[in-house]
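> Predicted model and sequence follow; I will ask about them next.
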Amino acid sequence: MAKKGKYHQGFFKPKNKEKYFGDVENIVYRSSWEAKFMRWADKNNSVLQWGSEIFFIPYYSNIDGKVRRYFPDFWIKQKCSDGVIRKFIIEIKPNKEKYPPTEPKRKTKKALARYITETATFQRNQDKWKSAKEFAKKHNMRFIVMDEYALGIQKRPKNNGWWIKKIS
């Protein structure tokens with residue numbers, strides 16, 4: 001596992017190469033969370049086929065008004081518990097990026113810069129995910145955003161009300 005910046009990046013070597021859709025010699029993970037998902041897809045018997053960043057979905061960016069390309073993290077073909085074979089587009093993101101950022105109480109330069117960056121990230125994700133949902137529906141797939149809770153990296157906090165972000 002190579003480390004570049006704050007994320008763990010490197011190349012993944014699957015044990016079940018026949019399940020991988022794409023260049024089996026060039027499977028790149030961009031975070032430890034992606035590496036964890038790759039290990040799961042590789043060893044899980046219900047996953048019939050999987051790939052990483054194997055296609056792109058065009059999307060309209062509300063940030064700059066341009067059509068851009070979104071490469072979803074994963075695609076899997078899975079035999080589900082009901083016996084039906086389904087295809088999924090999977091994106092790995094921190095839970096906090098699934099919700100609009102909270103405006104900082106203190107308006108320092110650093111806090112405002114972080115807020116602007118987080119707002120742009122949120123908007124970019126929303127633009128990508130809107131197109132991904134439409135693409136998935138058109139191609140009889142499902143689009144899923146997996147976070148640290150879905151990946152089993154962290155336990156979801158108990159719901160005592162303080163951590164829930166209001167979605168507008």
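Cool, got the structure. Residues are numbered from 1 along each chain as shown.
> Neighbouring strands - and their directions - for the longest strand belonging to the chain?
Assignment by DSSP state E gives strand 85-92 as the longest strand of the chain. Counting by DSSP bridges, the strands paired with strand 85-92 are strand 74-79 (antiparallel), strand 142-146 (parallel).
> closest one to residue 108 among those strands?
For the strands paired with strand 85-92, distance to residue 108 was read as Cβ to Cβ. The smallest value, 30.7 Å, belongs to strand 142-146. The way it works is simple: take the backbone N, C-alpha and C, and place the C-beta from them, glycine included.
> follow-up on the earlier one: output the strands paired with strand 85-92 as JSON lines; include the columns mean pLDDT, distance to residue 61 and mean neighbour count.
Formatted as JSON lines, those follow (pLDDT from 0 to 100; distance: least, Cβ to Cβ, whole Å; neighbours: other Cβ atoms under 10 Å):
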{"stretch": "strand 74-79", "mean pLDDT": "97", "distance to residue 61": "22", "mean neighbour count": "19"}
{"stretch": "strand 142-146", "mean pLDDT": "97", "distance to residue 61": "18", "mean neighbour count": "17"}
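> TSV for those, including distance to residue 88?
As requested, the strands paired with strand 85-92 are exported to TSV (distance: least, Cβ to Cβ, whole Å):
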stretch	distance to residue 88
strand 74-79	5
strand 142-146	5
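> between those strands, which gets nearest to residue 115?
Between residue 115 and those, the tightest spacing by Cβ to Cβ is seen for strand 142-146, at 21.8 Å.
> what's the weakest-modelled helix or strand in this protein?
Using mean pLDDT, DSSP states H and E, strand 2-4 stands out as the lowest-scoring helix or strand of the chain, at a mean of 46.
> Could you identify the helix or strand that succeeds that one?
Where DSSP states H and E defines the elements, the next helix or strand beyond strand 2-4 is strand 7-12.
> Outside of the next helix or strand after that next one itself, list whatever touches it.
Next in sequence after strand 7-12, counting helices and strands by DSSP H and E, comes strand 27-29. With contacts defined as Cβ atoms under 8 Å, 6 or more residues apart in numbering, strand 27-29 is touched by 8-14, 20, 35, 38, 52-53.
> Give me the neighbour count for residue 45.
Neighbour count for residue 45, taken as other Cβ atoms under 10 Å: 9.
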